[in-house]
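Novice: Would you be able to build a 3D model of this:
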Amino acid sequence: MTPEKGDLADPQMAWMVARALAVVSNQQSAAAAVSPGIKRHLLENGLMSKAQSYQGRLDASYQAERLRMAEGLPTKDERLRQGLEGLRTQLFSHGTALDRATWLATYRLAGGTVSAPEEESVLQAASEAFTRNVTLQNVQIWAQQVDVLQVLDEPIPAFTVEPWAAQSPEARSARNVLVLGLSRAGRLGLLADRPAAAQLLTEADEQLKAGTVTAASLALDAASAVGWVTDAATSQRMKKQLDARTLSDTVG
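Specialist: As a prediction, this is how the structure comes out:
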């Protein structure tokens, strides 16, 4: 995939495309093709652009650091660290527990350190605010919590899952978020009605043809989580479809 074939909508899109490339190629280095586009979202304050709020910029900065991790690149970034310093007061005064945990994870990756009491306060709040019953309505927040806690090397608190019917494209994408999160947490056993890898690959194909790269990437990630290992024919077909798509899809 080449950045010239379309702009990266934001660092989250870059992260999703990187994940899709890594899955279909069965190698993390495939993600390197999308990293140059990240730089065009760098703001003067050192953060990454995404939305018109401090939360959007924080999320974008976090995803940019996650992309660097996926590529095996250094995550220390002095300019980003200084930009995150500018968010500290606002986040710690008005942000949610997830905001503060995301900030801490990004700040750590960028090379920043905080005092032990401050770190303990952030981690305790993140654990206390963790979603304990996962539903269609809150699965996205729960998945973000799982991801951030793992980056922080913190244990995932106990939780239950309230299953939903995956009858619409949105519900299927939400189920795929659930599958991926459960896999990351080591708790796929909580999903009684686990989708088959073949079904998920079909969903990925459909999304690449008429949906979004984000949804296709989620389906591929979910297929990998339930045991699919890419083969040459599927890898070639998926990579061709990814390459045919521009990178300006709306993150959805």
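
Novice: And the contacts of stretch 100-112?
Specialist: Where contact means Cβ atoms under 8 Å, 6 or more residues apart in numbering, the residues beyond stretch 100-112 that reach it are 58-59, 61-62, 65, 68-69, 75-78, 80-81, 84-85, 87-88, 91-92, 95, 114, 119, 122-123, 125-126, 144-145, 148-149, 151-152. Using the backbone N, CA and C atoms, a C-beta is placed for each residue, glycine as well.

Novice: ChimeraX command to pick out the buried ones of these?
Specialist: Per 16 or more other Cβ atoms under 10 Å, the buried members of the contacts of stretch 100-112 correspond to this ChimeraX selection:
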select :58,59,61,62,65,68,69,75,77,80,81,84,87,88,91,95,122,123,126,144,145,148,149,151,152
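
Novice: In contact with the spatially most distant residue from the centre of the chain, which residues?
Specialist: Each residue of the chain has a distance to the centre, and by Cα atoms, centre = their mean the biggest one is for Pro117: 28.2 Å. Pro117 makes contact with no residue under the criterion Cβ under 8 Å, 6+ apart.

Novice: and the closest residue to Ala215 other than its chain neighbours, what element?
Specialist: Computed as Cβ to Cβ, 6 or more residues apart in numbering, the closest residue to Ala215 that is not its neighbour in sequence is Gln207, at 4.3 Å. In this structure, Gln207 is located in helix 197-210 according to DSSP states H and E.

Novice: Could you tell me the angle between whatever helix or strand comes next after that helix and helix 197-210?
Specialist: Note on helix 197-210: by DSSP H and E, the next helix or strand toward the C-terminus is helix 213-225. Direction vectors for helix 213-225 and helix 197-210, defined by axes from the mean of the first three to the mean of the last three Cα atoms, to 10 degrees, enclose an angle of 170 degrees.

Novice: so where's this structure shaky on pLDDT?
Specialist: Scanning the chain with the threshold set as pLDDT under 70 gives 1-56, 245-252.

Novice: For it, just list every one of the helices.
Specialist: Taking DSSP state H as the criterion, the chain carries its helices at 11-25, 54-71, 78-94, 97-110, 116-128, 139-151, 169-185, 197-210, 213-225, 232-244.

Novice: want to throw the ones you listed into CSV with distance to Val161?
Specialist: Below are the helices of the chain laid out as CSV (distance: least, Cβ to Cβ, whole Å):
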stretch, distance to Val161
helix 11-25, 22
helix 54-71, 24
helix 78-94, 30
helix 97-110, 19
helix 116-128, 19
helix 139-151, 9
helix 169-185, 7
helix 197-210, 18
helix 213-225, 15
helix 232-244, 28
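
Novice: so how far is the first residue of stretch 70-89 from its last?
Specialist: 30 Å (Cα to Cα, to the nearest Å).

Novice: Now do it: distance to the chain's middle.
Specialist: The gap between the average C-alpha position of stretch 70-89 and the chain average comes to 17 Å, counting by Cα atoms, centre = their mean, to the nearest Å.

Novice: Pull the number of nearby residues for Lys240.
Specialist: Neighbours of Lys240 under the rule other Cβ atoms under 10 Å: 11.

Novice: scratch that, Gly227 is what I was asking about
Specialist: Burial of Gly227, expressed as a neighbour count using other Cβ under 10 Å, amounts to 11.

Novice: In contact with it, which residues?
Specialist: Contacts for Gly227 were tallied using Cβ under 8 Å, 6+ apart; they are Ala197.
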